[in-house]
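Participant: return a 3D structure for these sequence lines:
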Amino acid sequence: MMKKISGTFPCTLTNDVPVKSHAFAFDVQQFLAESTFLYRDTDLDPKTRQLYQTARLFRDPNLLVATNKFGGLNGNTRFLIVTTQMREIANLAEHIDWGLCVLERNGLFKIIDHQSDAEFHQITLIHIPHELDHYFRSQESSQLEIQLIAATRLQFKTAFELAPCFELVSPFWRERTAWPLGLNNEGHLLRA
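Facilitator: Numbering: from 1, shown residues only. Below you'll find the predicted structure:
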């Protein structure tokens, strides 16, 4: 049996992820069914990109702005965020269809993949709900992450075949998404 992640780009994940935890029960299938992919494209220098190591957890102190619109890359680095907690506020962007979404301040993220080719990079993050913090800090999450990585790598390849979304190439949108996620003013990743 297959399960689809909701969002703007369909991808299929198997639902045979075993989950056993001493502290709580976690419904992987509910997490997958409620997950959405968000995108935030920017330009990062190699030194900054190196901060985003797989399996690292960090917090982003800001109200995170992203889009639910999938298209070609609009910068040298894409943050692909898997979340169950986004708030779509597209109606606040007057006359512009940005697919505007926000995530809470001080959100917790886990880097599960860093895909690259010669010029472009995709950093895949899971936005961790507070009640699942323990699960995603453990090794138990690895099977779920493997499935998500397969789906998001497919998106990375597909993005090369598409043009960036027209609405997201505006200087105003690019300015909103220019700052790297989870960095403080000194350029250090805010560890969780």
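
Participant: show me what contacts the residue nearest to the spatial centre of the chain?
Facilitator: Nearest to the mean C-alpha position of the chain, counting by Cα atoms, centre = their mean, stands residue 81 at 0.9 Å. Taking Cβ atoms under 8 Å, 6 or more residues apart in numbering, we find residue 81 in contact with 37, 38, 39, 40, 64, 66, 103, 109, 125, 126, 127. Using the backbone N, CA and C atoms, a C-beta is placed for each residue, glycine as well.

Participant: for the chain, longest helix please?
Facilitator: Ranked by residue count under DSSP state H, the longest helix found in the chain is helix 142-159.

Participant: average pLDDT for that helix, rounded please.
Facilitator: Mean per-residue pLDDT for helix 142-159: 90.

Participant: could you pull up the mean pLDDT of whichever strand or helix holds residue 173?
Facilitator: Element membership for residue 173, per DSSP states H and E: helix 171-176. For helix 171-176, mean pLDDT rounds to 90.

Participant: what does stretch 83-90 give?
Facilitator: Mean predicted confidence for stretch 83-90 is 83.

Participant: if we can go back for a sec, and the contacts of residue 81, which of them are in strands?
Facilitator: 37, 38, 39, 40, 64, 66, 103, 109, 125, 126, 127 (DSSP state E).

Participant: number of residues surrounding residue 86?
Facilitator: Neighbourhood size, residue 86 [other Cβ atoms under 10 Å]: 20.

Participant: before we move on, the earlier item: reformat the contacts of residue 81 as CSV; add pLDDT, distance to residue 72 and neighbour count.
Facilitator: Listed next are those as CSV, based on pLDDT from 0 to 100; distance: Cβ to Cβ, whole Å; neighbours: other Cβ atoms under 10 Å:
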residue, pLDDT, distance to residue 72, neighbour count
37, 95, 15, 23
38, 96, 16, 26
39, 97, 11, 27
40, 96, 14, 25
64, 91, 22, 25
66, 94, 16, 26
103, 91, 23, 21
109, 95, 24, 27
125, 96, 20, 26
126, 95, 23, 24
127, 94, 23, 23
